[in-house]
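Trainee: Turn this into a model:
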Amino acid sequence: GHGNEYLGMNASWGPLANPLVREAIRYAINYDEIIDTVVNGYAIKNQGFVSKGYFGYYEYNPFYQDIEKAKALLEEAGF
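Mentor: Modelled structure (predicted):
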């Protein structure tokens with residue numbers, strides 16, 4: 001069946017209050033490896049809130065792992 005998992009971040013204080021840090025985290029995550037290892041391939045990468053098969057689903061997944069970009073963003077953020 002259809003289901004969603006969501007990981008929220010409190011972005012109101014600390015390092016996560018900086019949008020560059022949040023963007024760096026997005027680029028540090030290996031989404032495909034999580035799907036392959038954590039859920040044994042039983043997931044569809046979806047970086048939106050509407051699941052595939054439902055009206056309003058958008059197949060665009062803008063985030064991918066790019067460690068160098070994540071490091072550069074953290075440096076720009078002062079870390």
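
Trainee: Name the nearest residue to the residue sitting nearest the centre point of the chain, ignoring sequence neighbours.
Mentor: Among the residues of the chain, the one closest to the centroid is residue 26, at 4.5 Å (C-alpha atoms, centre = their mean). Nearest residue to residue 26, sequence neighbours excluded (C-beta to C-beta, 6 or more residues apart in numbering): residue 63, at 4.7 Å. All C-beta atoms are positioned from the backbone trio N, CA, C, and that covers glycine.

Trainee: I figured the one you found hits residue 48, correct?
Mentor: No: with contact defined as C-beta atoms under 8 Å, residue 63 does not reach residue 48; the gap is 11.0 Å.

Trainee: what's in contact with the lowest-mean-pLDDT helix or strand in the chain?
Mentor: Every helix and strand in the chain was compared by mean pLDDT, DSSP states H and E; the lowest is helix 31-33, with a mean of 94. With C-beta atoms under 8 Å, 6 or more residues apart in numbering as the test, helix 31-33 has contacts from 45, 47, 61, 63, 64, 65.

Trainee: Buried residues in that helix, which are they?
Mentor: Across helix 31-33, burial judged by 16 or more other C-beta atoms under 10 Å covers residue 31.

Trainee: what's the following helix or strand after that helix?
Mentor: Using DSSP states H and E, the next helix or strand after helix 31-33 towards the C-terminus is helix 67-76.

Trainee: I'd like to know which elements that following helix is packed against.
Mentor: helix 19-28 (3 or more C-beta pairs under 8 Å, 6 or more residues apart in numbering; DSSP states H and E).

Trainee: now the helix it packs on, how far from the centre of its chain.
Mentor: 9 Å (C-alpha atoms, centre = their mean, to the nearest Å).

Trainee: Once you drop chain neighbours, what's closest to residue 64?
Mentor: Counting by C-beta to C-beta, 6+ apart, residue 64 lies nearest to residue 31, which is 6.9 Å off, once chain neighbours are set aside.
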